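Chemist: A structural model of the following input is requested.
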Amino acid sequence: MDFTEADSIALDRELARDGLRAYLETAWDTVEPAIPFVGNWHVDAICDHLEAVRRGDIKRLVINVPPGTGKSLSCCVFFPTWTWTDEPQRKFITASYAGLVSKRDSLRARQLLESKWWRDRWGQQMAPNSDMWTAAHYKNQQGGFRLGVTVSGSVMGEHGDIQIVDDPLKPLEVDGKSAAVTDTALQKASVWWRTTMTSRLVSIKDSARIIIMQRLHEGDLAGEAVAAGYEHLLLPMAYEAGCGKTTSIGWSDPREEEGELLFPERFPEEDLELIESELGARAYAAQYQQRPTPKGGNIFKETDFKYYTTEDHPIPGVPTIQLSKLDHQIQSWDCTFKETANGSYVVGQVWAQTRGKQDLYLLDQVRDRWGLTGTCDALKGLTVKWPRAYRKLVENKANGPAVEDALRDKVTGIVLVEPGGGKEERAHAAEPTVSGGLVWLPHKAIAPWVVGFVSEATQFPVAARDDQVDTMTQAIYISRLAG
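Modeler: Numbers count the residues shown, from 1 in each chain. Take a look at the predicted model:
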């Protein structure tokens, strides 16, 4: 029996009822006629999680996946149009860092809806509203719509059942040499998502929110969302043991071998090596491995730090130091402007070295979100605990001058230090001291806070915080000047 056009239409309708993955493959040629469809398990994983969003099983989702793996087509073209095959009343608001990107995917989805292929199969279920049928904003007669906007852009009073932001930050701003994702860009995306877009949900309880991006910074929107409890679909290009976790729908990365590639048919190893050489280690780690920090660290490498213990707490295999022989001790302080629940931290550290030696030992650290009074109390407390740390280096910005003024008649040895250059410049100046194995940290068994210190240092300059690094580089800089 011949397979007729009517049979083909019926089959495609049935496949769409089976799920997004089947619909995507059947609709592919209509959207990308010049590029053959190549299936892969990561596409199945994305589709499974988007289906869970449509069912209401997942209300908040982050997808971290490398560029060029079909994320925008899957999430911003096929997912909305597939949803409209059965639920044309659904309302979508989609966004990206640039208007052209947002409009591109809105237009591709609209063109798919206008195609003869789609209309032959679902035209009787979804009819365009001719009064609102533009490239970036179009509605149907069943009550559904799609609105494409930019990050920080206007939503024009609409409220969505499903919000999708695809690349809220511009990946090309990240290169191998500098942290091109600025605090301003991070803050803009975060505030827009938490305020403007939160107020543009049909239901705060039942509407869904999806973030799709590469990890460009520890403090980027994906990092904030995962920390807030969003479901996390993590798909690095090369498998790393321990990355990711089983999601709420029971999915976990099927790879077991370290370094096993995500999509070797599309991205073989030799191509990835060329991409990494072009991008640099930092940008490659961010965009392809979904790690803002390359393995081992950025400017500061984890393996370059040395660890010690004290005579009171011997640890097998860890060098022991005698605190009494560290005859040159200083305090180093990084202050903030004011006390806020989510603001910057104040950090005070005690450093020491033996006369005639280059090695620097971090003896102690205090860190909290203090205001002026709390900072002064912490500095006085560290002075009592470490009386030999006579000189107190306080950065001459934020609350630094106010601290010096408040304690002038109470604590001796406070020196206001002018920060030279930017944060990264100071870090690069301190890097030879660290990479030379001259910086010693207390072992985590005697100082549990050192784990967070090393994490921040190795992620810098893309860490969510940099106060501990600033305090360290100030101490190293002054110690080197003292010779």
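
Chemist: For the stretch 151-300 of the chain, which segments are assigned as helices?
Modeler: 183-191, 221-227, 269-279, 281-287 (DSSP state H, counting those that start in this stretch).

Chemist: for the ones you listed, which one ends up most surrounded?
Modeler: Highest mean neighbour count among those (mean count of other C-beta atoms under 10 Å): helix 281-287, with a mean of 23. Every C-beta, even on glycine, is put in place using the N, C-alpha and C of the backbone.

Chemist: and the helix or strand following that one, what does it pack onto?
Modeler: For helix 281-287, the following helix or strand on the C-terminal side (DSSP states H and E) is strand 306-310. Judged by 3 or more C-beta pairs under 8 Å, 6 or more residues apart in numbering; DSSP states H and E, strand 306-310 is in contact with strand 320-321, strand 439-442.

Chemist: Off-centre distance for the first one?
Modeler: A distance of 38 Å separates the centroid of the chain from that of strand 320-321, by C-alpha atoms, centre = their mean, to the nearest Å.

Chemist: And for stretch 459-469?
Modeler: In this view, stretch 459-469 has its centroid 13 Å away from the chain centroid, taken as C-alpha atoms, centre = their mean.

Chemist: Then stretch 466-477?
Modeler: In this view, stretch 466-477 has its centroid 23 Å away from the chain centroid, taken as C-alpha atoms, centre = their mean.

Chemist: Domain-wise, how is this protein divided?
Modeler: 5-287, 302-482 (automatic domain parsing).

Chemist: so which of those domains gets nearest Thr293?
Modeler: domain 302-482 (4.5 Å; C-beta to C-beta).

Chemist: model confidence over that closest one, on average?
Modeler: When pLDDT is averaged over domain 302-482, the result is 89.

Chemist: let's number from 362 now, not from 1
Modeler: Sure, I'll start counting at 362 from here, so that last one is domain 663-843.

Chemist: pretty sure Ala647 is in contact with Glu637, am I right?
Modeler: No. Taking contacts as C-beta atoms under 8 Å, Ala647 lies outside contact range of Glu637: 11.5 Å.

Chemist: any shared contact partners between those two?
Modeler: Common neighbours of Ala647 and Glu637, using C-beta atoms under 8 Å, 6 or more residues apart in numbering, do not exist here.

Chemist: Please identify the buried residues of stretch 680-689?
Modeler: 682, 687, 689 (16 or more other C-beta atoms under 10 Å).

Chemist: can you list the weak-confidence ranges in the stretch 412-561 of the chain?
Modeler: Counting by pLDDT under 70, the stretch 412-561 of the chain contains low-confidence ranges at 532-542.

Chemist: all strands in the stretch 412-561 of the chain, in order from the N-terminus.
Modeler: 421-425, 452-457, 489-494, 498-501, 506-511, 523-527 (DSSP state E, counting those that start in this stretch).

Chemist: nearest to Glu817, of these?
Modeler: Across the strands of the stretch 412-561 of the chain, closest to Glu817 is strand 421-425 (C-beta to C-beta), at 21.1 Å.

Chemist: Within the sheet, what are the partner strands of that closest one, with directions?
Modeler: Sheet pairing here is set by DSSP bridges, and for strand 421-425 it gives strand 569-574 (parallel), strand 592-595 (parallel).

Chemist: hmm, who's touching the longest one?
Modeler: Residues outside strand 569-574 that contact it (C-beta under 8 Å, 6+ apart): 411, 414, 417, 419-426, 432-433, 436-437, 522-530, 554, 558, 562, 581-583, 586, 591.

Chemist: Quick one: buried ones out of those?
Modeler: Judged by 16+ other C-beta under 10 Å, buried ones among the contacts of strand 569-574: 411, 414, 419-426, 432-433, 436-437, 522-530, 554, 558, 562, 581-583, 586, 591.

Chemist: on that earlier part again, can you say which of the strands paired with strand 421-425 is packed in most?
Modeler: The most buried one of these (mean count of other C-beta under 10 Å) is strand 569-574, showing a mean of 24.

Chemist: So for stretch 400-419, what gets flagged as buried?
Modeler: Applying 16+ other C-beta under 10 Å to stretch 400-419 flags 403-415, 419 as buried.

Chemist: from those residues, which two are the most distant?
Modeler: Top of the distance list for the buried residues of stretch 400-419 (C-beta to C-beta): His403 and Arg415, 19.1 Å.

Chemist: among the helices and strands packed on strand 667-671, which is nearest Ser513?
Modeler: Nearest of these to Ser513, taken as C-beta to C-beta: strand 800-803 at 40.5 Å.

Chemist: what are the pairing partners of that closest one, and which direction each?
Modeler: Sheet partners by DSSP bridges: for strand 800-803, these are strand 667-671 (parallel), strand 721-729 (parallel).

Chemist: Report the distance from that strand to the chain centre.
Modeler: Mean C-alpha position of strand 800-803 versus that of the full chain (C-alpha atoms, centre = their mean) differs by 28 Å.

Chemist: contacting residues around the helix or strand just after it?
Modeler: The helix or strand immediately downstream of strand 800-803 is helix 811-820, counting by DSSP H and E. By C-beta under 8 Å, 6+ apart, the residues outside helix 811-820 that reach it are 579, 653-654, 657-659, 661-663, 666, 723, 726, 802-805, 824, 826-827, 829-830, 833.

Chemist: just stretch 756-776 next, same as before
Modeler: 694-699, 707, 732-733, 736-737, 740-741, 744, 751-755, 777-780, 831, 835.

Chemist: quick check: mean pLDDT across stretch 380-397?
Modeler: 96.

Chemist: again with stretch 626-644
Modeler: On average, stretch 626-644 scores 88.

Chemist: Can I get that stretch as CSV, trimmed to CA atoms?
Modeler: The C-alpha coordinates for stretch 626-644 follow below in CSV (Å, rounded to 0.1, in the frame of the first residue of the first chain):
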residue,chain,number,x,y,z
GLU,A,626,30.1,13.6,15.6
ARG,A,627,29.7,17.4,15.6
PHE,A,628,32.7,18.2,17.8
PRO,A,629,35.6,15.7,17.4
GLU,A,630,38.6,16.1,19.7
GLU,A,631,40.9,17.7,17.1
ASP,A,632,38.3,20.4,16.5
LEU,A,633,37.9,21.1,20.2
GLU,A,634,41.7,21.5,20.6
LEU,A,635,41.7,24.1,17.9
ILE,A,636,38.7,25.9,19.5
GLU,A,637,40.5,25.9,22.9
SER,A,638,43.7,27.3,21.4
GLU,A,639,41.6,30.1,19.8
LEU,A,640,39.5,31.0,22.8
GLY,A,641,42.1,30.4,25.6
ALA,A,642,41.7,28.2,28.6
ARG,A,643,39.4,30.5,30.6
ALA,A,644,36.8,31.1,27.8
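
Chemist: what's the distance between it and the middle of its chain?
Modeler: On C-alpha atoms, centre = their mean, the centre of stretch 626-644 falls 20 Å from the chain's centre.

Chemist: okay, now the nearest residue to Gln486 once chain neighbours are set aside: neighbour count?
Modeler: Nearest residue to Gln486 in three dimensions, chain neighbours excluded: Pro449, at 5.9 Å (C-beta to C-beta, 6 or more residues apart in numbering). Residues near Pro449, counting by other C-beta atoms under 10 Å, number 18.
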